[in-house]
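Peer 1: sequence? don't have it. structure:
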């Protein structure tokens with residue numbers, strides 16, 4: 001076991017960097033002469049040791065050793081890695097992995113340890129600027145939302161068909177009694193439909209319907225008529241084909257566009273993460289406009305333990321542009337004007353096995369994918385994404401909530417299944 005040192009904070013790192021610069025500026029002429037006689041390789045070695053020591057100290061509390069013997073210890077292949085991570089933060093960590101500068105047998109365990117100990121990499125000026133922009137501007141306009149759809153959900157159905165279950169569920173499964181991914185996702189769909197208390201002849205609005213898996217399942221098994229909305233053309237085409245013989249309509253519209261109709265039930269799975277905190281108000285207002293007074297609204301969303309207004313720099317650049325995870329307090333302050341909370345269920349622990357199952361499927365189907373599109377750098381990017389997220393949920397740093405909401409309270413109370 002390593003000694004339980006306190007990690008070095010971002011402030012301490014920047015102070016040390018500043019101190020280093022100050023010392024260099026005031027170095028005596030004797031030291032200058034000594035440095036002048038040093039070889040370039042000696043200077044580079046000193047620089048590498050400087051950055052490596054800072055990163056070493058940052059990871060100590062998590063018992064992660066650079067080039068160490070454990071399966072969660074990162075193995076470094078490029079000496080520029082240490083400075084890149086300490087200067088560029090999470091973006092440098094992720095991009096250097098994509099570039100093959102380092103590797104790790106169990107990235108998921110490494111990230112579990114990092115998140116569990118609350119270790120944060122320093123933020124660079126670009127991160128600070130991005131956070132400031134997110135705080136001032138609404139980046140999740142309709143145009144911004146389309147950017148998310150094109151950069152992630154329109155990657156190609158071949159990737160998602162191979163990675164996901166037959167119902168194409170790109171959200172957390174329910175592993176209570178499940179033995180594999182397919183069972184977990186089927187159980188999630190049943191849990192949602194049962195919580196919505198759906199009956200034959202009812203109407204259901206699916207906000208952010210994805211590839212139509214929930215819409216198809218609800219129409220087949222509960223006899224309801226479904227309207228699904230998405231802003232991804234790829235998803236719309238796929239969902240329409242999947243649901244063509246069912247009472248399901250898939251619309252290519254933004255959730256803010258008027259539908260001029262009220263539904264008995266409304267559901268939103270994995271959508272709220274893309275809405276952005278500045279749009280929570282209109283999101284819940286729109287849901288209220290589209291639901292009957294005696295209706296039920298279920299929201300299935302990833303969430304943060306505490307309020308934030310931005311997302312990780314690497315995730316924002318490569319996976320979910322402009323994404324932002326909500327907090328309970330942030331949501332409650334908005335939806336309490338429109339809905340009563342009938343139930344709140346946290347199944348965040350189930351996202352870990354879901355993500356790891358996606359990873360195993362991705363690795364299995366990768367050889368059959370078009371490598372002109374999904375090249376080696378993409379493979380490393382997707383691996384980093386899935387395993388880092390698995391570690392985040394395993395550490396319980398992130399949550400997965402299912403809110404069951406009603407406009408005026410469910411008469412007699414709502415007995416919600418688990």
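Peer 2: Yes, it's here. Note that this is a predicted model, so its numbers are computed, not measured.

Peer 1: does residue 234 belong to a helix or a strand, and which?
Peer 2: Residue 234 belongs to helix 233-242 when assigned by DSSP states H and E.

Peer 1: Now do the buried residues in that helix.
Peer 2: Of all the residues in helix 233-242, those buried under the rule 16 or more other Cβ atoms under 10 Å are 234, 235, 236, 238, 239, 240, 242. To be clear about C-beta, it is placed using only N, CA and C from the backbone, and glycine gets the same treatment.

Peer 1: what about residue 417, distance to residue 196?
Peer 2: Distance, residue 417 to residue 196, by Cβ to Cβ, to the nearest Å: 10 Å.

Peer 1: show me where the stretch 151-300 of the chain has strands.
Peer 2: Secondary structure of the stretch 151-300 of the chain (DSSP state E, counting those that start in this stretch): strands at 203-207, 225-230, 248-252, 263-269, 291-304.

Peer 1: where in the stretch 301-418 of the chain is pLDDT low?
Peer 2: Segments of the stretch 301-418 of the chain classed as low confidence (criterion: pLDDT under 70) are 309-310.

Peer 1: ok, now with 80
Peer 2: 308-311, 322-323 (pLDDT under 80).

Peer 1: Do you have the strands of it handy? List them.
Peer 2: Going by DSSP E, counting those that start in this stretch, the stretch 301-418 of the chain shows strands at 340-346, 398-406.

Peer 1: Deepest-packed of the ones you listed, please.
Peer 2: Stretch with highest mean neighbour count among the strands of the stretch 301-418 of the chain: strand 398-406 (a mean of 21; mean count of other Cβ atoms under 10 Å).

Peer 1: Which neighbouring elements make contact with that one?
Peer 2: Counting by 3 or more Cβ pairs under 8 Å, 6 or more residues apart in numbering; DSSP states H and E, the packing neighbours recorded for strand 398-406 are helix 181-195, strand 291-304, helix 328-335, strand 340-346, helix 376-394.

Peer 1: Name the nearest residue to residue 271, sequence neighbours excluded.
Peer 2: residue 208 (3.0 Å; Cβ to Cβ, 6 or more residues apart in numbering).

Peer 1: What of residue 113?
Peer 2: Nearest to residue 113 is residue 62, by Cβ to Cβ, 6+ apart, at 4.0 Å.

Peer 1: Could you pull up the residues touching the one you found?
Peer 2: Residues near residue 62 by Cβ atoms under 8 Å, 6 or more residues apart in numbering: 7, 113, 114, 116, 117, 119.

Peer 1: Residue 293 too?
Peer 2: Shown in contact with residue 293 (Cβ under 8 Å, 6+ apart): 407, 408.

Peer 1: mind checking how far it is from residue 259?
Peer 2: Noted for residue 293: a distance of 17 Å to residue 259, by Cβ to Cβ.

Peer 1: re earlier: look at residue 417 and residue 196 and report which has more neighbours.
Peer 2: Between residue 417 and residue 196, residue 196 has the larger neighbour count (other Cβ atoms under 10 Å), namely 23 against 11.

Peer 1: tell me the contacts of the more buried one?
Peer 2: By Cβ under 8 Å, 6+ apart, the residues touching residue 196 are 204, 265, 267, 296, 298, 404.

Peer 1: Can you name the residues that contact the fifth one?
Peer 2: Neighbouring residues of residue 298 by Cβ under 8 Å, 6+ apart: 192, 195, 196, 265, 266, 267, 268, 402, 403, 404, 405.

Peer 1: JSON lines for the contacts of residue 62, including secondary structure, neighbour count and pLDDT?
Peer 2: Shown next, in JSON lines, are the contacts of residue 62 (DSSP: H, G, I helix; E, B strand; the rest coil; neighbours: other Cβ atoms under 10 Å; pLDDT from 0 to 100):
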{"residue": "7", "secondary structure": "coil", "neighbour count": "16", "pLDDT": "38"}
{"residue": "113", "secondary structure": "helix", "neighbour count": "21", "pLDDT": "98"}
{"residue": "114", "secondary structure": "helix", "neighbour count": "25", "pLDDT": "96"}
{"residue": "116", "secondary structure": "helix", "neighbour count": "16", "pLDDT": "95"}
{"residue": "117", "secondary structure": "coil", "neighbour count": "16", "pLDDT": "95"}
{"residue": "119", "secondary structure": "coil", "neighbour count": "17", "pLDDT": "91"}
